[in-house]
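**Q** Just to be clear, the model below is a prediction. Sequence and coordinates:
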Amino acid sequence: MKHVQIKKDLNKKSNRLRAAVMGSNDGILSVSGLVIGVASANSSKILILTAGLAGIVAGAISMSAGEYISVSAERDNEKALIEKEKSELEENPNYELDELTHLYQNRGLDHLTAKKVAKELTATDALAAHSDMELKINPSELTNPWNAVSASAVSYTLGAMIPLIAIMLPIGIYTIPFTFVAVIIALTITGYISAKISGSSVNKSILRIVLIGAAAMTITFIIGNIFKVVGV
């Protein structure tokens, strides 16, 4: 049981880290395209800073709202499943005990041992025992939407600050190339971390995110130059 709990805790930490990396990637990609597009159309640092900050605030709010809605729906589903399990335990406790015994047998325990474990856990906290084995849910540790909101907002903002800081540096004609390189390096790092978390190919993960980032910045750079040329 301890091994199972440790595995669950590791999975939760892995999911949080994966969400943080995704949030950072979104911040990097969104704001880098925005500030490079604005910088290629107008060299005013105040205008670029204003656009960048507006992009960070809007993006962080958007991501947080999306996470809140998604995770709240997940939490509501967890509550509904637990309530259903609670009703089943009240209506047919013997059937539920047999069901729990069978689940432990599937884990490798013989019938007598599985029955003993099921009885002891049911006597201690029947709802927790059944929720854990059947639903993979801990009633005392339901998904918290506010954790997702804060994680998304923070990771997005931290990622978005990379291109904004880079483009605000007083380096003249090298501003856009420097920002481009800084973003590519940042995406390489997040791509590497993402691959390590998911166990996928490091090269493919890095190449995919870097190409997307490079394409986004190139497109917004071209659009910015078009607006500068036409004088809009």
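**A** Thanks, I have it. Fair warning: this is a prediction, and the values are worked out from it, not measured in the lab. Numbers count the residues shown, from 1 in each chain.

**Q** Mind telling me what element the residue lying farthest from the centre of the chain is part of?
**A** Most distant from the centre of the chain: Leu112, at 42.5 Å, with distances by CA atoms, centre = their mean. Per DSSP states H and E: Leu112 is located in helix 111-130.

**Q** now the next helix-or-strand element following that helix: how far from the chain's centre is it?
**A** Using DSSP H and E, the next helix or strand after helix 111-130 towards the C-terminus is helix 145-168. The chain centroid and the centroid of helix 145-168 are separated by 12 Å, computed with CA atoms, centre = their mean, to the nearest Å.

**Q** same deal with stretch 195-203?
**A** With CA atoms, centre = their mean, you get 16 Å for stretch 195-203.

**Q** Likewise for stretch 100-113?
**A** Using CA atoms, centre = their mean, the offset of stretch 100-113 from its chain centre is 35 Å.

**Q** just the CA coordinates of it, formatted as PDB?
**A** These are the backbone C-alpha positions of stretch 100-113, laid out as PDB (Å, rounded to 0.1, in the frame of the first residue of the first chain):
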ATOM      1  CA  LEU A 100     -13.200  -4.900  -2.700                       C
ATOM      2  CA  THR A 101     -11.900  -8.400  -1.900                       C
ATOM      3  CA  HIS A 102     -11.900  -9.200  -5.600                       C
ATOM      4  CA  LEU A 103      -9.900  -6.000  -6.400                       C
ATOM      5  CA  TYR A 104      -7.200  -7.000  -3.900                       C
ATOM      6  CA  GLN A 105      -7.100 -10.500  -5.400                       C
ATOM      7  CA  ASN A 106      -6.400  -8.900  -8.700                       C
ATOM      8  CA  ARG A 107      -3.500  -7.200  -7.100                       C
ATOM      9  CA  GLY A 108      -2.000 -10.600  -6.300                       C
ATOM     10  CA  LEU A 109      -3.400 -11.500  -2.800                       C
ATOM     11  CA  ASP A 110      -5.000 -14.900  -2.100                       C
ATOM     12  CA  HIS A 111      -8.700 -14.900  -1.300                       C
ATOM     13  CA  LEU A 112      -8.300 -15.200   2.500                       C
ATOM     14  CA  THR A 113      -5.700 -12.400   2.700                       C
END
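
**Q** List the buried residues of that stretch.
**A** Leu100, Thr101, Leu103, Tyr104, Gln105, Leu109 (16 or more other CB atoms under 10 Å). For the C-beta atoms, the positions are set from N, CA and C on the backbone; glycine is no exception.

**Q** Out of those, flag the one nearest to Ala123.
**A** Leu100 (11.7 Å; CB to CB).

**Q** Please identify which helix or strand holds the closest one.
**A** According to DSSP H and E, Leu100 maps onto helix 93-106.

**Q** and that helix, what's its mean pLDDT?
**A** Here helix 93-106 scores 88 as its mean pLDDT.

**Q** cool, stretch 225-232 as well?
**A** Here the average pLDDT along stretch 225-232 is 68.

**Q** Then stretch 115-122?
**A** Rounded mean pLDDT across stretch 115-122 is 88.

**Q** For it, list every residue counted as buried.
**A** Per 16+ other CB under 10 Å, stretch 115-122 contains these buried residues: Lys115, Val117, Ala118, Leu121, Thr122.
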